[in-house]
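Novice: Pasting the sequence and the predicted coordinates here, then a few questions.
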Amino acid sequence: MIYTDFSVKNYRGIRQCKLEKLELINLFFGKNNCGKSSLLESLFILSGPDNPTLPILANKSRALDSLEETDLKIEFYQANPEHIIQLNSLGEQSRQVSIQMIESHSQNISLEDLQKNSSESAGKRYGLKINFSTEAEKESKYHSELVVTEEKSGNITSDKRYKEALYAEYIPSNHTQIDIVEKMTEIIQNKQEKEIVEALQIVEPRITDVQLVGKRVMVDVGLPTRLPINVLGDGVRKVLAVILSIYTCRNGVLIIDELDNGLHFSVMPQLWEVILYMCQKHHTQIFASTHSMDLVKSLVKAIGKSAQMPQIASYKLIRKADDELVALRYSAEELSYAIKQEMEVR
């Protein structure tokens with residue numbers, strides 16, 4: 001398993017949270033604003049510590065599309081950079097990551113700066129510094145930096161000694177359009193169309209072929225001509241997007257915030273069947289969140305149809321008064337029992 005355990009401290013509204021016994025497929029649910037999105041973002045940052053722009057991308061998904069110092073401080077618990085962010089994992093990818101704020105300071109003072117006769121004349125520079133290490137290379141300590149200049153441009157420094165072996169993708173809740181065309185191009189180049197068709201048939205049995213015509217995904221459903229996949233409805237298109245992302249993240253990590261977005265409840269059981277099939281085949285570890293109990297119940301239906309108990313863990317997230325995020329774990333069996341007995345899992 002890529003990640004078997006994960007802990008986060010001082011990230012956004014999360015003072016601390018610990019996840020244990022992670023599985024291939026992991027679903028997080030709980031009340032709105034309990035910290036689901038922040039938890040997923042921290043997993044994404046953990047998966048690419050040599051890229052100091054990942055926290056900025058997390059901000060961008062929240063419509064904080066700037067490099068202002070105040071926006072960078074929001075990454076830290078209570079917006080206080082004295083609370084150093086700590087991310088740790090165990091598993092095939094055991095990692096230790098810490099993120100610090102580079103407070104306002106000056107560099108490369110020019111003659112023009114000196115002539116301004118101001119305490120601010122040196123020009124404010126600030127940013128983020130990421131220190132990290134891996135279990136595979138215990139003796140090596142790495143770091144990356146993002147420094148924002150007075151002109152609000154970002155200078156990135158990555159550790160040239162480190163080569164990221166893990167591929168991870170994060171799909172935020174407001175990211176409605178995944179680049180299906182680009183992903184389909186890779187599928188066709190690798191001659192994997194048949195596999196995509198087999199996965200799509202779980203949702204729409206009439207599909208016998210899928211091709212890329214220009215910038216449109218076209219499917220054969222037995223009619224004289226191929227149809228754009230959009231004609232088959234948002235559910236099929238959403239399932240295709242998930243299929244392609246799982247394939248792209250093979251032997252890696254896929255993180256999806258609000259998996260149920262744009263999905264009718266009637267398609268949810270088939271979506272889970274597709275996820276089970278694709279993740280197991282490609283060793284893609286998936287972390288997804290939802291605010292829909294329909295999605296949780298549909299997962300139980302998919303578990304019931306599976307020939308063997310799948311590698312699934314579900315976590316109910318509860319924010320305590322002191323901002324600890326508690327994760328109550330349900331195995332596939334425990335979740336099935338709780339739902340069938342109509343026990344409270346939310």
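Specialist: Structure's in. What do you need? Numbers count the residues shown, from 1 in each chain.

Novice: For the stretch 201-346 of the chain, give me the ranges with low pLDDT.
Specialist: When the per-residue scores of the stretch 201-346 of the chain are filtered using pLDDT under 70, the ranges that remain are 307, 342-346.

Novice: Would you map the helices across it?
Specialist: Listed from the start of the chain, the stretch 201-346 of the chain has helices (DSSP state H, counting those that start in this stretch) covering 234-248, 268-282, 293-305, 332-340.

Novice: Using CSV, please lay out the ones you listed together with distance to residue 22.
Specialist: For the C-beta atoms, the positions are set from N, CA and C on the backbone; glycine is no exception. What follows is the helices of the stretch 201-346 of the chain, written out as CSV (distance: least, Cβ to Cβ, whole Å):
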stretch, distance to residue 22
helix 234-248, 17
helix 268-282, 13
helix 293-305, 16
helix 332-340, 13
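
Novice: So which of these is nearest residue 197?
Specialist: If you check each of the helices of the stretch 201-346 of the chain against residue 197 by Cβ to Cβ, helix 234-248 wins as the nearest, at 10.1 Å.

Novice: Outside of that closest one itself, list whatever touches it.
Specialist: With contacts defined as Cβ atoms under 8 Å, 6 or more residues apart in numbering, helix 234-248 is touched by 167, 169, 171, 178, 180, 183-184, 186-187, 192, 195-196, 199-200, 203-204, 217, 229-230, 254, 256, 259, 262-264, 266-267, 270-271, 274-275, 278-279, 282, 284, 286.

Novice: Give me the buried subset of those.
Specialist: With neighbours counted using 16 or more other Cβ atoms under 10 Å, the contacts of helix 234-248 contain these buried positions: 169, 171, 178, 180, 183-184, 187, 195-196, 199-200, 203-204, 217, 229, 254, 256, 259, 263, 267, 270-271, 274-275, 278-279, 282, 284, 286.

Novice: Okay, and which of the residues you listed map to strands?
Specialist: Using DSSP state E, the subset of these located in strands is 169, 171, 217, 254, 256, 286.

Novice: How much space separates the fifth one from residue 290?
Specialist: Note on residue 256: its distance to residue 290, by Cβ to Cβ, to the nearest Å, is 9 Å.

Novice: and the chain, what are its domains?
Specialist: Taking automatic domain parsing as the criterion, the chain consists of the domains 48-165, 170-340.

Novice: Next, format those domains as JSON lines and append distance to residue 7.
Specialist: Conversion of the domains of the chain to JSON lines gives the following (distance: least, Cβ to Cβ, whole Å):
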{"stretch": "domain 48-165", "distance to residue 7": "5"}
{"stretch": "domain 170-340", "distance to residue 7": "10"}
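
Novice: Name the stretch among those domains that sits most buried.
Specialist: Burial among the domains of the chain, expressed as mean neighbours by mean count of other Cβ atoms under 10 Å, is greatest for domain 170-340, which shows a mean of 17.

Novice: Now find how far off-centre stretch 204-219 is within its chain.
Specialist: Distance of stretch 204-219 from the chain centroid (Cα atoms, centre = their mean, to the nearest Å) equals 27 Å.

Novice: Which residues does that stretch contact?
Specialist: By Cβ under 8 Å, 6+ apart, stretch 204-219 touches 180-181, 184-185, 188, 193, 196-197, 200-201, 220-222, 226-229, 232, 236, 240.

Novice: same check, this time on stretch 17-27
Specialist: Under the criterion Cβ under 8 Å, 6+ apart, residues 1, 3-8, 35, 39, 91, 259, 275-276, 279-280, 283-290, 295-296, 299, 310-315, 317, 324-327, 329 lie in contact with stretch 17-27.

Novice: Now that stretch: average pLDDT?
Specialist: Averaged over stretch 17-27, pLDDT sits at 97.

Novice: Next one: residue 85, what pLDDT does it get?
Specialist: At residue 85, the pLDDT value in this model is 98.

Novice: Look up the closest residue to it, ignoring the ones flanking it.
Specialist: Excluding the flanking residues, the one nearest residue 85 by Cβ to Cβ, 6 or more residues apart in numbering is residue 99, at 3.9 Å.

Novice: Could you name the helices and strands sitting against the host helix or strand of the one you found?
Specialist: Following DSSP states H and E, one finds residue 99 within strand 95-105. For strand 95-105, the elements it packs on are helix 36-46, helix 69-73, strand 85-90, strand 125-134, judged by 3 or more Cβ pairs under 8 Å, 6 or more residues apart in numbering; DSSP states H and E.

Novice: Tell me which helix or strand comes right after the last one.
Specialist: The reference is to strand 125-134. The element immediately downstream of strand 125-134 (helix or strand, assigned by DSSP H and E) is strand 137-148.

Novice: and the angle for that next one with strand 125-134?
Specialist: Strand 137-148 runs at 160 degrees relative to strand 125-134, counting by axes from the mean of the first three to the mean of the last three Cα atoms, to 10 degrees.

Novice: Name the strands paired with strand 137-148 and say parallel or antiparallel.
Specialist: For strand 137-148, the paired strands and their directions (DSSP bridges) are strand 125-134 (antiparallel), strand 154-157 (antiparallel).

Novice: got the contact list for it?
Specialist: Defining contact as Cβ under 8 Å, 6+ apart, one finds that strand 137-148 is touched by 49-53, 56, 67, 69, 72, 102, 107, 125-134, 154-159, 161-162.

Novice: re the thing from before, what's the mean pLDDT across the strand holding residue 99?
Specialist: 89.
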